[in-house]
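Colleague: just coords:
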């Protein structure tokens, strides 16, 4: 996960490859973030699925998916 404004890496994780690994890992990263004020998060078209959108909203994030 990178900070959009400064392009700094703020979180990273390696996993075994699977059909759901990217979204599962992204949701874990969103839960680990510090602070809970509402922010926006950008994501690629692969993240345009209900469980990512719902997970982002539960983490107080507004998702912007291409």
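Modeller: Nice, I can see it. Please read all numbers here as calculations on a predicted model, not as lab measurements. Numbers count the residues shown, from 1 in each chain.
Colleague: any idea how many residues pack against residue 36?
Modeller: 9 (other C-beta atoms under 10 Å). Yep, even glycine has a C-beta here, placed from its N, CA and C like the rest.
Colleague: how about the contacts made by the residue nearest to it when sequence neighbours are not counted?
Modeller: Once flanking residues are discounted, residue 36 sits nearest to residue 60: 5.2 Å by C-beta to C-beta, 6 or more residues apart in numbering. With contact set as C-beta atoms under 8 Å, 6 or more residues apart in numbering, residue 60 has these partners: 36-39.
Colleague: could these go into TSV alongside pLDDT?
Modeller: As requested, the contacts of residue 60 are arranged in TSV below (pLDDT from 0 to 100):
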residue	pLDDT
36	73
37	83
38	86
39	87
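Colleague: so which of those is the closest to residue 17?
Modeller: residue 39 (28.5 Å; C-beta to C-beta).
Colleague: ranges for the strands of the protein?
Modeller: 39-43, 61-65 (DSSP state E).
Colleague: can you lay out those as CSV showing distance to residue 20 and mean neighbour count?
Modeller: Below are the strands of the chain laid out as CSV (distance: least, C-beta to C-beta, whole Å; neighbours: other C-beta atoms under 10 Å):
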stretch, distance to residue 20, mean neighbour count
strand 39-43, 15, 14
strand 61-65, 16, 15
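Colleague: what number of residues lie near residue 11?
Modeller: Residue neighbour count, defined by other C-beta under 10 Å, stands at 14 for residue 11.
Colleague: what distance do you get for it to residue 27?
Modeller: Look at residue 11 and residue 27: by C-beta to C-beta, to the nearest Å, they are 12 Å apart.
Colleague: distance check, the closest residue to residue 32 other than its chain neighbours against residue 25.
Modeller: Distances taken as C-beta to C-beta, 6+ apart place residue 11 nearest to residue 32, at 6.5 Å, with adjacent residues excluded. Distance of residue 11 to residue 25, given as C-beta to C-beta: 9 Å.
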